[in-house]
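>>> Everything below, folded, please.
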Amino acid sequence: MPDKMSGIERSSKILSFQRTDRVPILGEWILHPKFFQEVTGANNFWDSPRKIAIEGYRKLGTDAIVALALPYGHQEFRSYDMHGFLGNMKKYKSPEDIIEYIKNLLLPEILGKNLFYLEVCLYQGLLPGAA
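Numbers count the residues shown, from 1 in each chain. Purely as a prediction, here's the structure:
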């Protein structure tokens, strides 16, 4: 096992159940503009939200961002809290419901909207014609 892997290597290996040098750190969970300003030294998050958020995750040592989530507006702060958790409990009543949801992620109309899912599926050979 290598002493030091890149974030891409670490994330790819973990997705195929291979050993890594440590558990990957995933981004996307921070949804507070002021936090990103503090981490990056940016004056105004809203000048370039995507760029500043990605720079913030890099400075935090994040290995991968599953889906970049940004606050909706200047006054909004979002987080995955108990309300979101309970909402998913109502949505998925069984392990089979979750498996069905995951299978549907491979549908072209969903896959095309999320580059990360597309890259993972190509890497894992889950798409027709994938190496």
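>>> Residue 57 belongs to a strand?
No. In this structure, residue 57 is helix, not part of a strand, as judged by DSSP: H, G, I helix; E, B strand; the rest coil.
>>> Not counting sequence-adjacent ones, nearest residue to it?
residue 27 (4.0 Å; CB to CB, 6 or more residues apart in numbering). C-beta: built from backbone N, CA, C; applies to glycine.
>>> Ok, residue 98 next?
Excluding the flanking residues, the one nearest residue 98 by CB to CB, 6+ apart is residue 92, at 5.0 Å.
>>> neighbours of the residue lying closest to residue 63 once chain neighbours are set aside, just the number please.
Nearest residue to residue 63 in three dimensions, chain neighbours excluded: residue 7, at 3.4 Å (CB to CB, 6+ apart). Residues lying near residue 7 (other CB atoms under 10 Å) number 18.
>>> Report the separation between residue 7 and residue 27.
Distance, residue 7 to residue 27, using CB to CB, to the nearest Å: 10 Å.
>>> what residues are shared contacts of these two?
62, 64 (CB atoms under 8 Å, 6 or more residues apart in numbering).
>>> Okay, now the unreliable bits of the chain?
1-3, 73-89, 105-131 (pLDDT under 70).
>>> And the strands in it?
With DSSP state E, the ranges of strands along the chain come out as 26-27, 64-65.
>>> Now tabulate the ones you listed in TSV and tack on distance to residue 99 and mean neighbour count.
Formatted as TSV, the strands of the chain follow (distance: least, CB to CB, whole Å; neighbours: other CB atoms under 10 Å):
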stretch	distance to residue 99	mean neighbour count
strand 26-27	21	18
strand 64-65	23	18
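>>> residue contacts, residue 24?
7, 10, 11, 14, 63, 64.
>>> Same question for stretch 94-104: list its buried residues.
By neighbour count with 16 or more other CB atoms under 10 Å, stretch 94-104 contains no buried residues.
>>> And stretch 31-47, by the same measure?
For stretch 31-47, a neighbour-count test (16+ other CB under 10 Å) marks 31, 33, 36, 37, 39, 40, 42, 45 as buried.
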